[in-house]
Structures are given as C-alpha cells and as structure tokens.
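In: could you work out the structure for the sequence below:
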Amino acid sequence: MEAEGRTLVILGQVITPETVQAIIRRAAAVPWGTHLLRWRYFEVTHAGVTYHRDTLLPTALWHLLKRVYVDQEWPPGTTLAELNAAASGAIEDARTEIYVYGYYRTEPPRVQWGFFHPPTGIAVVYDAEADLVATVFRPEEGARFFQRQIAAVRIDREGWQV
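Out: Numbering: from 1, shown residues only. As a prediction, the model looks like this:
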C-alpha cells in the first residue's frame, strides 16, 4: 500500500511530510537503545575482545556482532562506526524506500518506520516512540520485509517531496 495525498493516519498518529522529514533526520543519527541484550550465539572475537555465549552486550554491539558473524551480512572487522555510517547513508539516500507500519509485538501496538535501500539491500528499523534504531540488517526478501508488515504503507517520497 502506498500513502496517497499528503496525510496518513496509522495507530492514531497523523503522518505528514514534515513528520517524515523529522523521522529521517532523527533516524539518520542512528540512536541505538541503551539496554543490554544477551549474546545467545557462539563465542566471537571482534576487535581483539572475545565475547562468550550468555554475555550481556550493549544493543549496538549485539547487532554488529550478529550481522557480521552470525548472518555474515557485513565482513569481519566491520566496526560499529562503519555499520552506523551505512545505516545513516541508507536512511538519508533519496532512493531509499520508506515504510511506516504498526508494530504489534508491543502492548499497545506502536508505529515503526522501515527504511530499505535497494542499491545496498540495507534495511533499518526505527522506533520513533522509543527514539531508537531497533536493527540494521540486509533482509533476504528485500523490501518485502517491510511490505508484509501489518498495515504497512510506503511513503510516496516524490509526491510528498521527502
């Protein structure tokens, strides 16, 4: 589904071109959550530090290690600064597809934003309510990852001039 006109309402939130521009600016800063996540995979050595299974890691580091060593979407040695720069570049690129959708794994459901950059296959999920990047990855299914979310709407970047 694509947003028609210049206003959209999802989960009671009014989305306008100004809203989208503000979301792009904020998401491009790549604000990761500050909570810790348990590393549930195999032992990994990255940048000279060994991380063992069940270690609690900052969110950004957890995602970096998962994308490099588990999913192998970025090469070994990729730094967090490089992952963040890739995410930021994808978000800010005019070729990036922007999706807004209801995330129903929280109670109450909340609005999330998806950015998919076709040239690189990079996807970024941004939670505006929590003001954090939930993940950066390269989904095998490409933009369909966002298109299949509940009530997903693709923002008409040209029509909305965002």
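
In: just for this protein, where's the confidence low?
Out: Within the chain, the stretches with pLDDT under 70 are 1-5.

In: show me where it has helices.
Out: Using DSSP state H, the helices assigned to the chain run over residues 17-28, 59-65, 80-92, 144-147, 157-160.

In: redo those as a markdown table? Include mean neighbour count.
Out: C-beta coordinates here come from the backbone N, C-alpha and C atoms, glycine included. Output for the helices of the chain, formatted as a markdown table (neighbours: other CB atoms under 10 Å):
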| stretch | mean neighbour count |
| --- | --- |
| helix 17-28 | 17 |
| helix 59-65 | 21 |
| helix 80-92 | 18 |
| helix 144-147 | 18 |
| helix 157-160 | 14 |
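
In: quick one, which of these gets closest to residue 43.
Out: Closest of the helices of the chain to residue 43 is helix 59-65, at 10.7 Å (criterion: CB to CB).

In: what about the closest one, distance to the chain center?
Out: Mean-position distance between helix 59-65 and its chain equals 13 Å (CA atoms, centre = their mean, to the nearest Å).

In: repeat that for stretch 69-77.
Out: Offset of stretch 69-77 from its chain centre (CA atoms, centre = their mean): 17 Å.

In: list the buried residues of that stretch.
Out: Neighbour counts using 16 or more other CB atoms under 10 Å place 69, 73, 74 of stretch 69-77 among the buried residues.

In: and for stretch 135-154?
Out: Using 16+ other CB under 10 Å as the test for burial, stretch 135-154 gives 135-139, 143, 145-147, 149, 152-154.
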